[in-house]
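*Asks:* here is the input, now give the coordinates:
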Amino acid sequence: MKYHIDTIPVWDAMKEESECPLCALRRKTERLLVDRSLGASVMSPDTRIKVNELGFCSHHQEMMYAFRGGNKLGHGLMMLSHLQTLRPKVEKALKASGNQGSSGGLGRLFKQTKAASNSSNSPLDSLSARCLLCDEMKAQEDRYTASLLHLWKTERAFREAFLNSKGLCLPDTARALRMAPELLSGDTLEGFTTAAKDLLNDNLKRLEEELEWFTLKFDYRNADKPWGDSRDALERTVNKLRGWTLGPEPMQDNV
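*Replies:* Next up, the predicted model:
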């Protein structure tokens, strides 16, 4: 697969010195996409077509609703257009499943609804299975992971910076290791694989120690002892294991 390479954002994310530069970059990108969705693109015909077709998942609905105090008018316009497109499809799906005009009463309706819910290919499931921003985020994730691998391959300074970093989170380590054979080979591939695994192991051990001290600080006998680096160990551990989730927004830059 051919990837678009964009190295500058990855370098910028490395300067954050976070638990995972790809997480920091992904979250910044997500905020930019939400901001764009609520801005001028609300009235863009191309965007409106995509929104009408795919809609947004609950996570991105929540982000749009709360972003910068919310843009309820822009959000509402998108959802109205999506609903007007979606409702006829829902009616069609309900008819196709035999839920309308059935002579079997509530019993048959329950059985058909239960059967549909157990099928990953049921018409109703397909109408809420995708999200426009999730699709865009997946493309960006692959792009920036490929850029990180390209930097490892081509720039000695980046290799040194990566080796001296906290590495990647667990999900991004898995993604990078999965993509690495597509873009790297020989000693370069072996070097990256070893570095990514060692960094993950070493930093999980570090976080375990910091999180343990975080919990011990709640014992009154340790109340006067210094926190060290453990004060935000809970947030950083969650972020390391699942990707950025808790704590201050990374790479703010007014977005």
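*Asks:* residue ranges of the helices in the stretch 51-200 of the chain, please?
*Replies:* Under the criterion DSSP state H, counting those that start in this stretch, the stretch 51-200 of the chain contains helices at 58-66, 72-96, 105-117, 123-126, 132-154, 156-163, 170-183, 186-216.
*Asks:* the fifth one packs against which elements?
*Replies:* So that's helix 132-154. Here helix 132-154 touches helix 7-14, helix 21-38, helix 45-54, helix 156-163, helix 170-183, helix 186-216, going by 3 or more C-beta pairs under 8 Å, 6 or more residues apart in numbering; DSSP states H and E. Where you see a C-beta, it was placed from the backbone N, CA and C, and this is true even at glycine.
*Asks:* let's see 6 Å
*Replies:* Contacts defined by 3 or more C-beta pairs under 6 Å, 6 or more residues apart in numbering; DSSP states H and E place helix 132-154 against helix 7-14, helix 21-38, helix 45-54, helix 170-183.
*Asks:* how far out from the middle of the chain is that helix?
*Replies:* 12 Å (C-alpha atoms, centre = their mean, to the nearest Å).
*Asks:* with the last one instead?
*Replies:* Going by C-alpha atoms, centre = their mean, the spacing between the C-alpha centre of helix 186-216 and its chain's C-alpha centre is 21 Å.
*Asks:* report the angle between it and helix 170-183.
*Replies:* Counting by axes from the mean of the first three to the mean of the last three C-alpha atoms, to 10 degrees, helix 186-216 lies at 180 degrees to helix 170-183.
*Asks:* flag every buried residue along helix 186-216.
*Replies:* 188-189, 192, 195-196, 199-200, 203, 207, 210-211, 213-214 (16 or more other C-beta atoms under 10 Å).
*Asks:* the shortest one now?
*Replies:* Neighbour-count burial for helix 123-126 flags 123-124 (criterion: 16+ other C-beta under 10 Å).
*Asks:* before we move on, back to that, please identify the deepest-packed of the helices and strands packed on helix 132-154.
*Replies:* Of all those, helix 21-38 carries the top mean neighbour count, a mean of 21, counting by mean count of other C-beta atoms under 10 Å.
*Asks:* how about residues contacting it?
*Replies:* 9, 13-14, 16, 18, 63-64, 67, 71, 74, 133, 136, 140, 144, 168-169, 172, 243-244, 250-251, 255 (C-beta atoms under 6 Å, 6 or more residues apart in numbering).
*Asks:* need the phi and psi values for the nearest residue to residue 171 once chain neighbours are set aside.
*Replies:* Once flanking residues are discounted, residue 171 sits nearest to residue 243: 5.1 Å by C-beta to C-beta, 6 or more residues apart in numbering. Here is the backbone geometry of residue 243 (degrees, to the nearest 10): phi 90, psi 160.
*Asks:* got a list of what residue 243 touches?
*Replies:* 23, 169, 171.
*Asks:* need the pLDDT of the first one.
*Replies:* Looking back up the chat, that one is residue 23. pLDDT, residue 23: 96.
*Asks:* where does the residue nearest to it when sequence neighbours are not counted land in three-state SS?
*Replies:* Nearest in space to residue 23, with sequence neighbours left out and distances taken as C-beta to C-beta, 6+ apart, is residue 244 at 3.9 Å. With DSSP: H, G, I helix; E, B strand; the rest coil as the basis, residue 244 sits in coil.
*Asks:* ok so, going back, for residue 238, find the nearest of the helices of the stretch 51-200 of the chain.
*Replies:* helix 186-216 (9.8 Å; C-beta to C-beta).
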